[in-house]
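1. A structural model of the following input is requested.
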Amino acid sequence: MTEEREHHHPSLFDNHRWAVAGATGLYVTATVLMVWMALGRSTLQPIDDWFYDLMVSIESGVLTAFAKVLNLVGSTWVTAPLRLVVAVFLWMQKRWEWFTVWVASVVVSEISVSLFKFLYDRPRPPDGLVATTSSAFPSGHAVAGAVTAVTLVIVFFPAGPHRRIWELIAVGFAFFMAMSRTYLRAHWLTDVVAGTLLGAAAAVSVAAVVHLWWLRNRAPDEALSG
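-> The predicted model follows:
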């Protein structure tokens, strides 16, 4: 039994209560923005217009090339095979807790972004530098970038202070992915802010729920320790 517990728990979180609090904070912030977008889009548009003009003003060949690389990295052509490879690896390693987190976070985030795009049906910014499909809000690239980066850190790096650097790298990647979409005029600023919040919230909340369930069902005597 001890070996089995060690196999399943080197551990998603060192304190799942903080994980739940973090996920709740992300969802609350995303909800505030999304309600604002639904009820007062006209009050947000000046901010988006200002940031759109700023991105146009800094346009350069180097920045465009860099943004297009991030656009490719965040596209389905890259994220879909990556997600499949990671899922197969975790399955073959019989790391069921991590496998569940990985698959569930992807499913939750993809359902969320598809539903919200349909409901909001927001037009894209004009004169985009890359081809786009579907509506603008929230950004699918931002959701995918955030949920993939954060969940990769959660499932492959044990909880603790040593994981902080990788968490910062994940946040940095999500940030640059989001900003690249505004630079390419594929999204408004509020699209990518909402997408990043939703992606990160999906990753942390799914991991927190799965971790708590696993503690209670696989190691009941540890359920109150984290």
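2. now the longest helix along the chain, how far from the chain's geometric center?
-> In the chain, with assignment by DSSP state H, the single longest helix is helix 16-57. Mean-position distance between helix 16-57 and its chain equals 14 Å (C-alpha atoms, centre = their mean, to the nearest Å).
3. hang on, R185 packs against P126?
-> Yes. In this structure R185 lies within contact range of P126 using C-beta atoms under 8 Å: 7.2 Å. In this view, the C-beta of every residue, glycine as well, is placed from N, C-alpha and C.
4. who has more neighbours, these two?
-> R185 (20 against 7; other C-beta atoms under 10 Å).
5. and what about the more buried one, helix, strand or coil?
-> Secondary structure state of R185, per DSSP: H, G, I helix; E, B strand; the rest coil, is coil.
6. residues in contact with it?
-> Shown in contact with R185 (C-beta atoms under 8 Å, 6 or more residues apart in numbering): Y52, M55, V56, R124, P125, P126, D127, G128, L129.
7. in the helix or strand hosting W98, what's buried?
-> Using DSSP states H and E, W98 falls within helix 96-120. For helix 96-120, burial by neighbour count (16 or more other C-beta atoms under 10 Å) applies to 97-106, 108-110, 112-113, 116-117, 120.
8. so which strand or helix has F66?
-> helix 61-73.
9. what residues of that helix count as buried?
-> A67, L70, N71, V73.
10. cool, and stretch 123-140?
-> R124, P125, T132, S135, A136, F137, P138, S139, G140.
11. about what we covered before: now do the helix or strand following the helix holding F66 against helix 96-120, angle only.
-> Following helix 61-73 in sequence order, the next helix or strand is helix 76-92 (DSSP H and E). Orientation note: helix 76-92 sits at an angle of 150 degrees relative to helix 96-120 (axes from the mean of the first three to the mean of the last three C-alpha atoms, to 10 degrees).
12. packing partners of helix 76-92?
-> Counting by 3 or more C-beta pairs under 8 Å, 6 or more residues apart in numbering; DSSP states H and E, the packing neighbours recorded for helix 76-92 are helix 96-120, helix 140-156.
13. tell me which residues are up against the helix holding F66.
-> Residues contacting helix 61-73 (C-beta under 8 Å, 6+ apart): V78, L129, V130, H141, G145, F176, M177, S180, R181, Y183, L184, A186.
14. please report phi then psi for the second one.
-> Yep, that's L129 we're talking about. phi -90, psi -10 (degrees, to the nearest 10).
15. go ahead and confirm it touches T182.
-> No. Using C-beta under 8 Å as the test, L129 is too far from T182 to be in contact (10.9 Å).
16. where does the prediction get shaky in this protein?
-> Along the chain, the parts satisfying pLDDT under 70 run over 1-16, 215, 218-226.
17. can you list contacts of the helix holding W98?
-> 8-9, 12, 34, 37-38, 83, 86-87, 90-91, 134-138, 140, 143-144, 147-148, 151, 154-156, 194-195, 198-199, 202-203, 205-207, 210-211, 214, 218.
18. and the angle for it with helix 16-57?
-> 50 degrees.
19. is G199 in a helix, a strand, or coil?
-> helix.
20. for it, what are its contacts?
-> S109, A142, V143, A144, G145, A146, V147, T148, V150, A174.
21. try 10 Å this time
-> Going by C-beta atoms under 10 Å, 6 or more residues apart in numbering, G199 touches 26, 30, 105, 108-109, 112-113, 138-151, 174, 177-178.
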